[in-house]
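> this one's sequence-less:
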């Protein structure tokens, strides 16, 4: 991670550095730039030619890559990991020496539990091996999932939120079948049969809750079927969603709440059209829904969905186009958009995070690795600069996306017929992320408010940050957001507040490539409203004392004495009081309702003591009344906390 790096970096990014704003000013926005690729990183040293490059990225942006590479005698699977802010680890062989390996796959969940799988030819059959990455980024050997006398097909691999890995694979044996292996973190693996018969294609997705969606395409007689099986909430359900002439390009996506999409090309009126089925949270499948245009054959679909059920599907057409369609919630697929057109385009891959940032990767004839990106909530894709040089292999690439929308891309770079390496770059779409450290408490005893924050960026240096503020009086709503501290490298300040007001602060940052981050989470505090703002009756007298808030307080000994505030707007009510030996009791009312009774007695005399009166579910409006319910004992009220 890249921390704030001072004025030098801010000047490099072209941000004007102003003096610290003592009072809030109008909101100012520095010039911003489009997202950009970071510098190229070597995943492995220059050497024998790599194949089948794959990458997976966790929520924090940490990446893990696998590929095949010759050790001089056999093609073996290797792996390397790159933590955010670090470098790619020295590549490590995962597959067994003395055997050829193929079809490497890798998956990682949001918290970073990573698993790799591959096929190994043992001289008589293809065995399926799997390895789990340890917390120190080393790999824990491997386990073989398939039996010794059967041929295992290419694996599909996913990892649930609790670290349980799932591997789906076909088995070519005396009795052909589709298998699903469940590998709990720290537990024994179990393999079950999903369906009999050898599948032509398999797609797998697993959500963070441990729900599993398996889809497969299988030939039955003169036709083919697309079948789906869900294992969600302890219930397993299997059904057929499509039957007919179905082409290559099956994919599936599953959300946290159990909604799902399945995509595939199906022949209709002589054309292959991308067809989809959807699953509701009630477990019901509906469709078909057409995503591609009639009149042109479409294949190689790739689909993804966020937690709001926004779906994105991409495909390649027979006339050399890559197209993308989107749907929102339960809506229909919108008209597809062409990402690229021209001879030699490769099949696309879609990756999407849970909030809806989405990237579509594909290759063209340049050759080049291409990327289209769309941020969550934005309707249109934009094209990233192409990663093109004479060494790029257009069909050998892979992408992953983190929870901020940064995209990690790896690709094969071939220097001659026998040598090359794996390269990686990050499409840095997200600006810095701020964290508010202060104000530390929701209610303060002063109008002087210490504010502190920090700023981090995953893939670029932080150039500068500012501090935003919004505030509300005790009897009104919040005003506009303004800039409390101008763009600078300052990370703390003290704000001179006004009594009886709620102040909320958030920090923003901008990095050296000109990308601004979203404001941090707001952190709020409320200053006391002085006792003098209340209407006194029945014996409350005005008093002074330097230890009290603003040097004043109200005191009464008569039972029935009251302090009243009209027009209060608050989601939390509190009092600032003095306590001492033989002090009296008070009852508090708001909007005509009794909220409780409190004693102000204490072993020693204390001032500026907070009493939390009531937390409401939302902002309430009414009259606040503090009533003395004791007789002959002092009650001292210093102020009120009217919190929003």
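Looks like it arrived, so ask away. Everything numeric in this text was worked out from a predicted model, so none of it was measured.

> low pLDDT regions in the chain?
1-29, 31-32, 390 (pLDDT under 70).

> those strands in the stretch 251-400 of the chain, which residues are they?
Remark: strands assigned in the stretch 251-400 of the chain by DSSP state E, counting those that start in this stretch are 251-254, 260-268, 271-279, 285-290, 298-305, 311-317, 321-327, 337-341, 349-352, 358-364, 368-374, 382-383, 387-388, 392-401.

> quick one: the strands in the stretch 401-550 of the chain?
Counting by DSSP E, counting those that start in this stretch, one finds strands in the stretch 401-550 of the chain at the ranges 407-414, 419-428, 433-438, 448-457, 462-473, 482-488, 492-496, 501-511, 523-526, 529-530, 535-537, 541-544.

> possible to save these as CSV with mean neighbour count and distance to residue 286?
Just so you know, the C-beta spots here come from the backbone N, C-alpha and C atoms, and that holds for glycine as well. CSV is the format used below for these (neighbours: other C-beta atoms under 10 Å; distance: least, C-beta to C-beta, whole Å):
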stretch, mean neighbour count, distance to residue 286
strand 407-414, 25, 32
strand 419-428, 22, 35
strand 433-438, 19, 38
strand 448-457, 20, 42
strand 462-473, 25, 44
strand 482-488, 21, 48
strand 492-496, 15, 54
strand 501-511, 24, 42
strand 523-526, 23, 44
strand 529-530, 22, 56
strand 535-537, 15, 63
strand 541-544, 12, 71
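
> Number of residues surrounding the closest residue to residue 395 other than its chain neighbours?
Nearest-residue entry for residue 395: residue 346, 4.8 Å, with adjacent residues in sequence omitted and distances by C-beta to C-beta, 6 or more residues apart in numbering. Counted by other C-beta atoms under 10 Å, the residues lying close to residue 346 total 22.

> Was I right to think residue 346 contacts residue 392?
No: using C-beta atoms under 8 Å as the test, residue 346 is too far from residue 392 to be in contact (11.3 Å).

> hang on, the earlier thing: okay if I get the strands of the stretch 401-550 of the chain as a markdown table plus distance to residue 334?
Below are the strands of the stretch 401-550 of the chain laid out as a markdown table (distance: least, C-beta to C-beta, whole Å):
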| stretch | distance to residue 334 |
| --- | --- |
| strand 407-414 | 23 |
| strand 419-428 | 24 |
| strand 433-438 | 31 |
| strand 448-457 | 33 |
| strand 462-473 | 35 |
| strand 482-488 | 38 |
| strand 492-496 | 46 |
| strand 501-511 | 32 |
| strand 523-526 | 39 |
| strand 529-530 | 52 |
| strand 535-537 | 60 |
| strand 541-544 | 68 |
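
> Could you name every residue contacting both of residue 346 and residue 392?
Each of residue 363 lies in contact with both residue 346 and residue 392 under the rule C-beta atoms under 8 Å, 6 or more residues apart in numbering.

> Show me the helices in this protein, by range?
Applying DSSP state H to the chain gives helices spanning 6-12.

> Just name whatever secondary elements the longest strand along it is in contact with.
In the chain, assigned by DSSP state E, the strand with the most residues is strand 606-628. Of the remaining helices and strands, those touching strand 606-628 by 3 or more C-beta pairs under 8 Å, 6 or more residues apart in numbering; DSSP states H and E are strand 562-579, strand 585-590, strand 593-599, strand 635-643.

> Swap in 6 Å and give it another go.
strand 562-579, strand 585-590, strand 593-599 (3 or more C-beta pairs under 6 Å, 6 or more residues apart in numbering; DSSP states H and E).

> Neighbouring strands - and their directions - for that strand?
Take DSSP bridges as the rule and strand 606-628 pairs in its sheet with strand 562-579 (antiparallel), strand 585-590 (antiparallel).

> May I see the buried residues of the longest one?
This points to strand 562-579. 562-565, 568-570, 572-579 (16 or more other C-beta atoms under 10 Å).

> and the residues you listed, which two are the farthest apart?
The span of these, defined through C-beta to C-beta, is set by 569 and 579 at 27.8 Å.

> where's the spatially most central residue of the chain relative to residue 306, distance?
The chain has residue 403 as the residue nearest its centroid, 2.8 Å off, counting by C-alpha atoms, centre = their mean. The gap separating residue 403 from residue 306 is 11 Å, by C-beta to C-beta, to the nearest Å.

> doesn't residue 561 make contact with residue 538?
Yes: in this structure, residue 538 is within contact of residue 561 by C-beta atoms under 6 Å, at 3.8 Å.

> Neighbour count for those two, which is higher?
A count of neighbours by other C-beta under 10 Å puts residue 561 above the other of residue 538 and residue 561, at 23 against 13.

> May I have the beta-bridge partners of the closest residue to residue 570 other than its chain neighbours?
By the measure of C-beta to C-beta, 6+ apart, the closest residue to residue 570 outside its immediate chain neighbours is residue 642, 4.7 Å from it. Beta-bridge partners for residue 642, by DSSP bridges, are residue 573.

> Counting neighbours, what do you get for residue 642?
Using other C-beta under 10 Å, residue 642 is surrounded by 27 other residues.

> what sits against it?
Listed by C-beta atoms under 6 Å, 6 or more residues apart in numbering, the contact set of residue 642 reads 474, 529, 568, 570.

> I'd like the distance between it and residue 501.
From residue 642 across to residue 501, the span is 9 Å (C-beta to C-beta).

> ok, back up a step: let me see the contact set for the nearest residue to the residue nearest to the centre of the chain once chain neighbours are set aside.
In this structure, residue 403 finds its nearest non-sequential neighbour in residue 59, 4.1 Å apart by C-beta to C-beta, 6+ apart. Shown in contact with residue 59 (C-beta under 6 Å, 6+ apart): 110, 402, 403.

> Same list (those residues) but as TSV, adding distance to residue 179.
Output for the contacts of residue 59, formatted as TSV (distance: C-beta to C-beta, whole Å):
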residue	distance to residue 179
110	26
402	31
403	32
